[in-house]
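Engineer: Compute the structure for the input listed below.
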Amino acid sequence: MFLISPLHQIRLQQEKALEIMYEVRRTHFNNPDAHILYIKIFLSVETEIPEMLKPTQVEKDTAVKINISDEDYWYIIEKRVDADIKHDERDVNDPFAQQLTGKNINDEVSLGEKILGPKTGKIVDIKSKFSYAYQESFRKYEHLFPLDQGMDNMKIDDSEEIDDKERFQPMFDRIDQQQEYFDQIEKLYKEENITIGCFTNLVGSNSLDTWGSLMGNPELGIRCSIGDIEERSSILNGLNDSKPKLVVDIISLITLHSLDAADIVVSTFGKLCIAQSTIDELQNIISEREGMWSKREGIIVGKKGNRYVKQIINPEEMKQGIEYLKDIIRWIRNNCEVGQATAGSEMNQLRRRELNDMLQQHFLDTVLLASQPEHLLFSDDGRLRHYAKTTLNSDAGTNFQIEGVWTQVLLEHCVNQNLLDEADYDEMTIKLVCSRYYHTQFDADLLMEIAKRSNWKLSEPYNSFVLALGEERMNGHSALDVAVDFLFKLWEESILFRQKEFLTLGLLTGLTYERYAHDVLNQLARQIREKYRRYTPNQNHILRQIRNFQQIYPLEDNFTFLAENDIRVKETRVGIETILYEYIHNSKLPEVIADHYYYSLTVEQVYATLLYYLQNQEEIGAYLDDYLKFCQTARKEANSYIPDPTTPKNDSESTTQSPSENEQG
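Structural biologist: This next block holds a predicted model:
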């Protein structure tokens with residue numbers, strides 16, 4: 001029943017959608033999801049059916065507020081034989097409802113003869129019963145479901161007696177509490193291998209918003225595999241020997257479309273199998289976005305590190321995103337087959353509900369569909385594939401044999417079958433790496449192309465690629481092989497010596513990220529000597545850069561941390577923001593920056609600053625933003641004290657006197 005209303009909404013039957021959802025809310029009043037979905041549906045259709053939501057007098061499907069003896073009471077007038085007086089409902093044939101029908105605001109209502117004489121009430125408000133239900137759900141939600149995280153609201157004091165800081169402090173306190181909780185969930189994702197579905201449930205979001213937030217956080221990312229080379233080879237060999245049915249989850253579905261690779265995969269493997277609950281999830285997300293953001297500008301306030309940040313929701317951009325999702329649903333109709341998860345019937349129903357709560361229903365249904373013979377689980381959530389293959393049977397009391405694949409390995413198979421051009425494959429790989437799909441494989445040739453696109457500077461997309469060589473982002477042996485081959489190709493390139501130095505140090509920063517640097521750098525030097533046993537000048541240059549990097553590592557040892565907003569290069573008065581501004585905003589080379597501060601800085605210190613920024617882009621990027629905002633504010637304040645020479649002075653100001661003798665002297 002919860003799904004019927006959105007379906008009517010899709011067919012532009014907004015009135016029918018709202019009527020159905022009103023009945024769902026009434027019937028399932030004890031279910032928080034019924035209230036949340038009603039609010040979403042109401043917000044999405046309110047501007048389309050104003051005549052239905054703005055009655056001018058009491059009639060069927062209106063809510064009437066009557067003041068009786070200085071107390072306000074609501075009455076809902078409906079054509080309903082089961083009208084429930086406990087919920088303030090009155091059937092249209094009820095004598096009191098008939099007396100109210102046709103009346104307007106400020107009209108008096110007779111309440112009959114009482115012991116002390118006739119009594120009357122006064123109509124003070126009339127609204128649609130649908131608007132009343134929306135406001136009631138919003139107002140009472142926290143009281144009805146105090147432990148539910150589906151929706152939260154708070155009141156902001158708008159009185160003039162308090163300043164803005166005091167007015168909004170309760171909101172910031174709530175954001176602080178929420179961020180502490182989110183930090184714990186992010187730590188679980190990073191350290192305890194929870195799935196994307198589990199992460200989504202814990203933060204009370206939806207799958208696509210979670211997908212976006214994971215890609216936006218370099219500490220988290222999408223863990224699409226564990227980087228096992230043997231696993232990758234085994235899957236590719238298996239794909240060569242058979243043509244399995246791919247069962248796609250919502251993450252891989254969106255990934256394919258973001259890469260423009262969906263049609264290629266379908267032409268190679270045939271129509272994809274998809275769970276109905278995955279389509280339902282997409283439709284629910286569309287309904288939510290249409291309701292909350294597509295018709296009005298909004299602001300989301302959150303926290304990153306120690307900074308409060310806001311995101312402006314642009315209705316036009318939101319509409320474009322909604323149309324994009326609708327295009328995907330249309331694509332599903334032509335290129336997917338909706339499967340039935342019959343395997344789930346073997347499971348204990350209580351346990352299935354528990355797994356639904358843990359994984360989300362659409363993820364679990366996808367896994368169960370993939371348990372069928374000759375089916376493969378297609379998911380870029382490596383933790384979900386691992387769970388389906390190893391732990392699910394013990395949790396569910398089943399004996400499924402579930403194997404899985406992810407996007408890049410399917411695209412590599414398409415290249416091997418000459419169904420995808422290698423240049424197109426490389427472009428897709430670049431998108432995956434820059435979207436932080438960790439354990440995405442690439443070689444030294446592609447990294448060289450990326451360095452060239454970055455104008456041989458430490459900038460995007462080179463930064464994303466070298467950081468993708470770090471621990472938990474690429475297998476250690478693979479990362480070392482890429483690094484060795486790339487370094488020799490780089491040092492053979494006809495570019496400035498300083499550019500080679502800087503790119504090499506950037507690569508070493510990424511390679512040692514969250515690894516034991518001493519061991520990694522020694523292994524790298526060993527492999528360079530072994531691969532090129534005959535001495536060459538380039539080999540010597542590379543080894544010298546490794547030694548130089550060892551001298552400035554760990555990078556944070558090059559700085560003095562005086563405060564959260566004051567980080568200085570050690571043994572100098574130069575703040576790191578000065579160096580970063582010159583490099584990022586003025587495009588100055590490291591040696592030029594060092595020459596400008598030649599009394600204070602060495603080139604190595606400038607390198608250390610830029611590499612520290614590379615390793616901590618989100619944190620130091622926020623630090624630099626705060627510095628720039630401070631400078632802008634200070635500049636405005638300074639300019640406010642400088643008189644405008646074009647502004648005429650008043651008479652008193654323009655009257656001059658001869659200076660006294662003392663003043664002349």
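
Engineer: For the rest of this, base every contact and every neighbour count on C-alpha atoms.
Structural biologist: Noted.

Engineer: Now do the buried residues in the longest helix that the chain contains.
Structural biologist: Determined from DSSP state H, the single longest helix within the chain is helix 164-191. Within helix 164-191, the residues that count as buried by 16 or more other Cα atoms under 10 Å are 167, 171-172, 175-176, 179, 185-186, 189.

Engineer: Now the two most distant members of those.
Structural biologist: Taking Cα to Cα, the two most distant members of the buried residues of helix 164-191 are Arg167 and Tyr189; they sit 34.9 Å apart.

Engineer: Show residues contacting the helix or strand containing Ile251.
Structural biologist: Element membership for Ile251, per DSSP states H and E: helix 250-258. Helix 250-258 has contacts (Cα atoms under 8 Å, 6 or more residues apart in numbering) with 207-208, 211, 262, 278, 328, 363, 378-381, 406-407.

Engineer: centre of the chain versus it, how much separation?
Structural biologist: Here helix 250-258 is found 15 Å from its chain centre; the criterion is Cα atoms, centre = their mean, to the nearest Å.

Engineer: Beyond that helix, next helix or strand please.
Structural biologist: Assignment by DSSP H and E places the next element after helix 250-258 at helix 262-269.

Engineer: now that following helix and helix 250-258, what's the angle there?
Structural biologist: 110 degrees (axes from the mean of the first three to the mean of the last three Cα atoms, to 10 degrees).

Engineer: for the following helix or strand past helix 262-269, which positions count as buried?
Structural biologist: Once the chain leaves helix 262-269, the next helix or strand it forms, by DSSP H and E, is strand 272-275. For strand 272-275, the neighbour count (16+ other Cα under 10 Å) marks 272-275 as buried.

Engineer: Can you show me the CA trace of strand 272-275 as PDB?
Structural biologist: The C-alpha trace of strand 272-275 is given here as PDB (Å, rounded to 0.1, in the frame of the first residue of the first chain):
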ATOM      1  CA  LEU A 272      20.400  -7.300 -16.100                       C
ATOM      2  CA  CYS A 273      18.400  -8.900 -13.300                       C
ATOM      3  CA  ILE A 274      17.100  -6.400 -10.700                       C
ATOM      4  CA  ALA A 275      15.000  -6.600  -7.600                       C
END
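
Engineer: still on that earlier bit, buried ones in the helix holding Ile251?
Structural biologist: Residues 250-257 are the ones in helix 250-258 that count as buried (16+ other Cα under 10 Å).

Engineer: May I have the phi/psi pair for the spatially most central residue of the chain?
Structural biologist: For the chain, the residue nearest the mean C-alpha position is Ser213 (2.4 Å; Cα atoms, centre = their mean). Backbone torsions for Ser213, taken as degrees, to the nearest 10, come to phi -70, psi -30.

Engineer: Just give me how far the longest helix of the chain sits from the chain centre.
Structural biologist: Its chain's C-alpha centre and that of helix 164-191 lie 16 Å apart, by Cα atoms, centre = their mean.

Engineer: Quick one: mean pLDDT over that helix.
Structural biologist: Helix 164-191 shows a mean pLDDT of 81.

Engineer: Please identify the helix or strand for the closest residue to Glu577 other than its chain neighbours.
Structural biologist: Distance criterion Cα to Cα, 6 or more residues apart in numbering; nearest residue to Glu577, sequence neighbours excluded, is Leu624 at 5.8 Å. According to DSSP H and E, Leu624 maps onto helix 617-640.
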